[in-house]
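S.K.: Sequence and predicted structure are below.
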Amino acid sequence: MMVDPSGQAAGEIDPMPETPHEAPPQWEPTVLAFACHYCAFAAADLAGVMRLSYPTNVKIIRLPCTGKLDHFYVLRAFERGVDGVFVTGCLPGQCHFLEGNTYARKRVDYIKTLLPQVGIDPQRVEMYNLSAAMGPRWAEVCTEFTEKIRKLGPSPIWWADQQPSS
Ligand code: FES
């Protein structure tokens, strides 16, 4: 690997930290959850049957397996102004397609390395593993993640969209 005198590898892009802003009082985070059909989606369903409450900020996209997750889906979600994305797959070793959740975790880790290069805090993406019986955990994950995003504030793309166009 070529390294320049500043210690930066050739072709490496400096991460751009998010500019802190104070969120407007009416602002609510928009959170997208990619949920595996066999576990997390069933856990979300169970949370509903158990009448557990969790933030309505979370919108769910069901995947047949988190192995279907593509980097592009997550990056496109941010491009469309979503403030945070989490991925929920089966427990380790319990993916119905054997390794889908392992690949998904690797993709999420990779996405975390990409986001700072476009000025988005990598904490805005997370991966969790759940079983279909973990309805209360689903509600907990939704609440914890939404609160984390609320503290981070609106995504830089949301802020950019608020600027008057010239
Ligand atoms: Fe659930 Fe693969 S089937 S993560």
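M.R.: In hand now; what should we look at? Residues are numbered from 1 along each chain as shown.
S.K.: CA atoms for contacts and neighbours, from now on please.
M.R.: Fine.
S.K.: which other residues reach the host helix or strand of A139?
M.R.: Using DSSP states H and E, A139 maps to helix 135-152. Identification of contacts with helix 135-152 by Cα atoms under 8 Å, 6 or more residues apart in numbering yields 28-29, 31, 40, 42-48, 50, 52-55, 57-58, 83-84, 86, 124, 130.
S.K.: Among those, name the ones in strands.
M.R.: V31, V58, G84, F86 (DSSP state E).
S.K.: Would you convert the residues you listed into CSV that also reports pLDDT, distance to W158 and neighbour count?
M.R.: Supplementary listing: the ones in strands among the contacts of helix 135-152 in CSV, determined by pLDDT from 0 to 100; distance: Cα to Cα, whole Å; neighbours: other Cα atoms under 10 Å:
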residue, pLDDT, distance to W158, neighbour count
V31, 98, 13, 26
V58, 97, 17, 19
G84, 98, 11, 30
F86, 98, 18, 23
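S.K.: and which of the residues you listed is nearest to the ligand?
M.R.: F86 (13.2 Å; Cα to the nearest ligand atom).
S.K.: hey, what's the closest one bridged with?
M.R.: Note on F86: beta-bridge partners A33, E126, judged by DSSP bridges.
S.K.: Would you check that it makes contact with L32?
M.R.: Yes: counting by Cα atoms under 8 Å, F86 touches L32, with 6.4 Å between them.
S.K.: just the residues of the chain that are near the ligand, which are they?
M.R.: Proximity of the chain to the ligand (Cα under 6 Å from any ligand atom) is limited to residues 36, 38-39, 65-67, 89-90, 95-97, 100-101.
S.K.: So which of those residues sit within helices?
M.R.: Those of the residues of the chain next to the ligand mapping onto helices are G100, N101, per DSSP state H.
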